[in-house]
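Undergrad: Would you be able to build a 3D model of this:
(2 chains)
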Amino acid sequence: MSTAIVTSKVGTPLARFLNIILLILTGIFALTALAVLAVGIAMLLPGTFSGQVFDEFVASGVDALTPRGMAMSCFLAVLLLCAYLAVMTLLRRIVGTLLAGDPFVPENISRLRRIWLVIAAAEIIRLVAKLLLSLSSDEVILDLRAGTWFLVFVIAALAEVFRHGAELRRDAELTV
Amino acid sequence: MGIKVNLDRVLLDRGMSLTDLAERVGITLANLSILKTGKARAVRFTTLEALCRELNCQPADILVYEPDADAEPLKDAAE
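TA: Okay, the predicted model is just below:
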């Protein structure tokens, strides 16, 4: 008479594909962060090595004032990459619950909230850093990305949807 | 919670265990325990019907409304 909540143990093909893509991207981002960190550290090392690397970057078209300035840019890039790595880790955990057949768990609400908070914080840091770097030049750049902020609001809305979904799930569980 | 479930008293009067009742009604013992301990958020009419049938009682024998201490009293209809 009473129906139990039956959860499927196999996610949709799209969820499985997403899980694989996230895994690959996590690896790529982690390796990139390590490489950029290494470049940044190299820029701070005394001696001819940092000078050689700096000259190579300038010759390849990278706009940098000094090796120290480039090191700061590298560290900022590593910070942003770490933020996106955190987002991907949280996303993988959400997809994991989806693959387990039960995405409307309370943990996913806090994960989605953390995702939009991290993206918003990373975007603010990037915006402020770019603004500060542009102060030393003739034109001041305010690089607002409407698409990123739209994404932040969408994820914030999804977090509220998940909260309501978790509540409905709880009601269904406790309906005898 | 405002609705109190009096399964204990009714089961004692009928000399029936919770396990027996769960089997007769067709719900799991876990779900019946949720109902008995007042943790249920909703009861289906089909479940209530089965409970009343097996316990040979009325819904009012099982479900009792007890207002919360901080609940505001209803206004008089004449007002």
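Undergrad: Quick one: the strands in chain A, in order.
TA: Per DSSP state E, chain A carries no strands over any range.
Undergrad: quick one: the residue nearest the centre of it and chain B, what's the gap?
TA: Among the residues of chain A, the one closest to the centroid is A:Tyr84, at 1.9 Å (CA atoms, centre = their mean). From A:Tyr84 across to chain B, the span is 39 Å (CB to the nearest CB, to the nearest Å). The way it works is simple: take the backbone N, C-alpha and C, and place the C-beta from them, glycine included.
Undergrad: Quick check: nearest residue in space to that residue, chain neighbours excluded?
TA: A:Phe29 (5.9 Å; CB to CB, 6 or more residues apart in numbering or on different chains).
Undergrad: pLDDT score for the one you found?
TA: Note for A:Phe29: predicted pLDDT of 94.
Undergrad: Now for it: which residues touch it?
TA: A:Leu81, A:Tyr84, A:Leu85, A:Met88 (CB atoms under 8 Å, 6 or more residues apart in numbering or on different chains).
Undergrad: can you give me the helices for chain B?
TA: Applying DSSP state H to chain B gives helices spanning B:7-14, B:18-25, B:29-36, B:45-55, B:59-62.
Undergrad: how about the residues of chain B near chain A?
TA: Residues of chain B lying near chain A by CB under 8 Å from any CB of the partner chain: B:25-28, B:31-32, B:34-35, B:39-44, B:46-47, B:50.
Undergrad: which ones are touching A:Leu174?
TA: Counting by CB under 8 Å, 6+ apart, A:Leu174 has contacts B:Ile34, B:Lys39, B:Ala40, B:Arg41, B:Ala42.
Undergrad: per-residue pLDDT, the closest residue in space to the second one that isn't next to it in sequence?
TA: Spatial nearest neighbour of B:Lys39, excluding adjacent residues (CB to CB, 6+ apart): A:Leu174 at 6.3 Å. Turning to A:Leu174, the model gives it a pLDDT of 91.
Undergrad: Tell me how far B:Ser63 lies from B:Gly15.
TA: Not Ser; residue B:63 is Leu. Going from B:Leu63 to B:Gly15 by CB to CB, to the nearest Å gives 21 Å.
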